[in-house]
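Novice: Take this sequence and fold it.
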Amino acid sequence: MAQITVEYTDTTMRIRSQAFSCEFPEVEKNKKAVLVFLRSLCCPDTGKPLFTYQQLAAAFDYQARQNVANFVAEFRASEQSFVQFLTRVNTKHDHLFPLVEAQILSSVFLSLHQHYVAFCDAYPQEKLSETTFREYVKDIDGGKILKAVRQVVSKTEVSLDIQRYLQEVLDLKALSGAKCKEIVEVFPIEDTSPPAGGNEQVFDRDRPEVSRKLLVVVLYVYNVPQEVLALLFGVGKTSIHTWIYAVCSKAVEWQILREIVCWSGQVSFDEKWIKIKGQWYFVLCAVDSVSGFPLLIDLYPTLDTVSWTLFFRRFEALYGRPGLIQSDGSRSLAAARQLVFAGVRYQLCKFHKLRNLMKHLRQHIHDPKLLKRCVRLAKHIFSNTWVSSRKHAAKTVQNLAGQEVSDYLEAHILGAWRHLTQSLTNNAAERFNRKIEKCLSGRYGFSSTTSVEVLLRGLWLKELVLNGRKHLAATSQIMELDLAEICQESLSVDKILHNFDDYALSRIEKLA
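Specialist: Purely as a prediction, here's the structure:
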């Protein structure tokens, strides 16, 4: 076996073997080139390489032979050209890092999530996850950030951004003493009455114009067009638009969260996708599994572990830790759940598991009689009364359906058996997702996230007025709202028929 000796000095390294001896500067490029060259040397008698990957890795102080194997693979991929192999390639990091750096330095007081949303809006063609975005931010020179902060401070007095600060607090697992002191400074004791034009007008039953606006929002969520609402209420379409956006502001979201005081402790989490200006966004929902009422709704530009983690932390800050979590088998959701709600019991949706298992059965079983039997057994896995009977049905399917189905059962059903024993579903979140889809599908497209957020708040408000009373305190203003009475006060049958006749005639004239 050939022997190789490597001697290091401060600036050079000397390599000796049976085949050759040489000395050259010790730099990374030289080491990579020498490794590839040594690996290419072969015995003239047998044609086998003189040096193994393990020998080369040990000689050059690499931890594993895979390092050398990777260099050789890179060399072969570069058409065995040393110039191309040793030339630095422009990576995605090199391309995107200047853009990320410019975004951060442009507004140094925004949160990282807000920076990421702004980056996605500015460069929609770049596919960059929020996790990778945060990794790029870590590489920015701290001196540049400090210089940008000083420039802002020197120009104007810095005012604290409450929304940004809340987002930072939600990102923390625990608050230090210094952070608690800073909270007291940021949020001093002051008048807690709502601002003028704020959420106190949304639920004030004594003001008839507020009741009319609330009714407009409910009808708009039910996909009644704004031009029809303008006819029904005898105002212009612009007034209807103004009413909707005034009621469904950010203030009403905080008002809803303050009004909710009761929930079952069992929560279903799910997501719904929507396209805004050609870009996919995701509505994350937390729904009470018992009542089906949405406890939290939020819109995110990505569906990954970062988005779910932020959503879970906001839920925990508002409601605390749930007693039971129900969800599908999403990996990003599972990773975020483990970060935020570690130790909380959770159950996977049996319908999702059954649907995926049926798909595998139909793909891999071609005998009709065997397929029929396996389908019946698969249903028993999730419907039998006793847990032992369900597990026995799963084992029977494993023995009958073949290796592919058996492997799937072992990995995705039996491997997660502890989280399927209660035989629960995620139907509460799925039903609310269908309401979101029905509410959003009646539109011709969305020009911005603001219009989507207004619709989501309107849907949430409608659910609270119609189906969320059990979650409210007895003294809540919403408990006094009677939507049927508001309809009788605001609308009449004669007015509806008259306006709809006019509306139908105008539509017929346009079509003609």
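
Novice: Now do the buried residues in the helix or strand hosting residue 255.
Specialist: Under the criterion of DSSP states H and E, residue 255 resides in helix 250-259. For helix 250-259, a neighbour-count test (16 or more other CB atoms under 10 Å) marks 251-253, 255-256, 259 as buried. For glycine as for every other residue, the C-beta is placed from the backbone atoms N, C-alpha and C.

Novice: what does stretch 376-396 give?
Specialist: Going by neighbour count (16+ other CB under 10 Å), the buried part of stretch 376-396 is 377-378, 381-382, 390-391, 393-394, 396.

Novice: Please apply the same query to stretch 101-110.
Specialist: The neighbour-count check on stretch 101-110 (16+ other CB under 10 Å) flags 101, 103-105, 108, 110 as buried.

Novice: ok, those vs residue 76, which is closest?
Specialist: Nearest to residue 76 among the buried residues of stretch 101-110, counting by CB to CB, is residue 101 at 34.8 Å.

Novice: Each with direction, which strands does the following helix or strand past the helix holding residue 255 pair with?
Specialist: Using DSSP H and E, the helix or strand that directly follows helix 250-259 along the chain is strand 266-276. Applying DSSP bridges, strand 266-276 is found paired with strand 279-288 (antiparallel), strand 324-327 (parallel).

Novice: Mind listing residues that contact the last one?
Specialist: If you take CB atoms under 8 Å, 6 or more residues apart in numbering as the criterion, strand 324-327 is touched by 265-270, 289, 333-334, 337, 341, 344-349, 424-426, 428-429.

Novice: ok so, going back, turn the buried residues of stretch 376-396 into TSV, including distance to residue 485, secondary structure and pLDDT.
Specialist: As requested, the buried residues of stretch 376-396 are exported to TSV (distance: CB to CB, whole Å; DSSP: H, G, I helix; E, B strand; the rest coil; pLDDT from 0 to 100):
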residue	distance to residue 485	secondary structure	pLDDT
377	54	helix	90
378	51	helix	88
381	50	helix	86
382	45	helix	84
390	50	helix	87
391	54	helix	88
393	53	helix	89
394	54	helix	88
396	59	helix	91
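
Novice: Among those, which pair sits farthest apart?
Specialist: Using CB to CB, the buried residues of stretch 376-396 reach their maximum pairwise distance at 382 and 396, which is 14.1 Å.

Novice: what about the strands in the stretch 301-450 of the chain?
Specialist: 324-327, 345-348 (DSSP state E, counting those that start in this stretch).

Novice: just the stretch 51-200 of the chain next, same as before
Specialist: Using DSSP E, counting those that start in this stretch, strands in the stretch 51-200 of the chain do not occur.

Novice: which stretches of it have low pLDDT?
Specialist: For the stretch 51-200 of the chain, applying pLDDT under 70 flags the ranges 79, 82-91, 152-200.

Novice: which residues of it fall in helices?
Specialist: Secondary structure of the stretch 51-200 of the chain (DSSP state H, counting those that start in this stretch): helices at 53-59, 65-77, 82-86, 92-106, 112-122, 130-138, 142-155, 162-170, 177-186.

Novice: what about the longest one, distance to the chain center?
Specialist: Just to be clear, that refers to helix 92-106. 23 Å (CA atoms, centre = their mean, to the nearest Å).

Novice: relative to helix 130-138, how tilted is that helix?
Specialist: For helix 92-106 against helix 130-138, the angle by axes from the mean of the first three to the mean of the last three CA atoms, to 10 degrees is 70 degrees.

Novice: Break the protein down into its structural domains.
Specialist: For the chain, the structural domains run 4-86, 92-167, 256-348+427-467, 350-419, going by automatic domain parsing.

Novice: how about these in a markdown table, adding distance to residue 226?
Specialist: A markdown table is the format used below for the domains of the chain (distance: least, CB to CB, whole Å):
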| stretch | distance to residue 226 |
| --- | --- |
| domain 4-86 | 58 |
| domain 92-167 | 26 |
| domain 256-348+427-467 | 11 |
| domain 350-419 | 37 |
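
Novice: So which of these has the densest surroundings on average?
Specialist: Using mean count of other CB atoms under 10 Å, the stretch among the domains of the chain with the largest mean neighbour count is domain 256-348+427-467, at a mean of 18.

Novice: first vs last residue of it, how far apart are they?
Specialist: Chord length of domain 256-348+427-467, first to last residue, is 13 Å (CA to CA, to the nearest Å).

Novice: same question, stretch 326-345
Specialist: Stretch 326-345 has an end-to-end distance of 9 Å (CA to CA).

Novice: So for it, mean pLDDT?
Specialist: On average, the pLDDT along stretch 326-345 is 90.

Novice: For residue 45, give me its contacts.
Specialist: Contact analysis of residue 45 by CB under 8 Å, 6+ apart lists nothing.

Novice: Closest to the mean position in the chain, which residue would that be?
Specialist: Among the residues of the chain, residue 303 comes closest to the average C-alpha position under CA atoms, centre = their mean, at 3.0 Å.

Novice: Kindly provide the distance from that residue to residue 384.
Specialist: The spacing between residue 303 and residue 384, counted by CB to CB, to the nearest Å, is 34 Å.

Novice: again, but for residue 296
Specialist: Applying CB to CB to residue 296 and residue 384 gives a distance of 34 Å.

Novice: can you check residue 435 too?
Specialist: Between residue 435 and residue 384 the computed distance is 32 Å (CB to CB).

Novice: which residue packs closest to the residue nearest to the centre of the chain, ignoring adjacent ones?
Specialist: residue 282 (4.4 Å; CB to CB, 6 or more residues apart in numbering).

Novice: my guess is that neighbour meets residue 272, correct?
Specialist: Yes. The criterion here is CB atoms under 8 Å, and residue 282 meets it with residue 272 at 7.1 Å.

Novice: re earlier: now the helix holding residue 255: how far from the chain's centre is it?
Specialist: Here the centre of helix 250-259 is set off from its chain's centre by 22 Å, with CA atoms, centre = their mean.

Novice: so who does the residue nearest to residue 375 when sequence neighbours are not counted touch?
Specialist: Leaving out its chain neighbours, the residue that sits closest to residue 375 by CB to CB, 6+ apart is residue 361, at 6.2 Å. Each residue near residue 361 by CB under 8 Å, 6+ apart is listed here: 371, 374-375, 378, 401, 405.

Novice: Residue 421 now?
Specialist: 347, 387.

Novice: Show the model's pLDDT score for it.
Specialist: What the model reports as pLDDT for residue 421 is 83.

Novice: Tell me how far it lies from residue 384.
Specialist: Where residue 384 is concerned, residue 421 sits at a distance of 12 Å (CB to CB).

Novice: Residue 463 and residue 285, how far apart?
Specialist: Distance of residue 463 to residue 285, given as CB to CB: 11 Å.

Novice: Now for the two: what residues contact both?
Specialist: With CB under 8 Å, 6+ apart as the test, residue 463 and residue 285 both reach 294, 432.

Novice: Which of the domains of the chain sits closest to residue 475?
Specialist: That would be domain 256-348+427-467 among the domains of the chain, by CB to CB, at 9.9 Å.

Novice: Identify the residues contacting residue 233.
Specialist: Going by CB under 8 Å, 6+ apart, the list of residues near residue 233 reads 212, 216, 240, 490.

Novice: just these now: which is nearest residue 118?
Specialist: Nearest to residue 118 among the contacts of residue 233, with distances taken as CB to CB, is residue 240, at 31.2 Å.

Novice: Find me the pLDDT at that closest one, would you?
Specialist: Note on residue 240: pLDDT of 89.

Novice: Residue 217 too?
Specialist: Note for residue 217: predicted pLDDT of 87.
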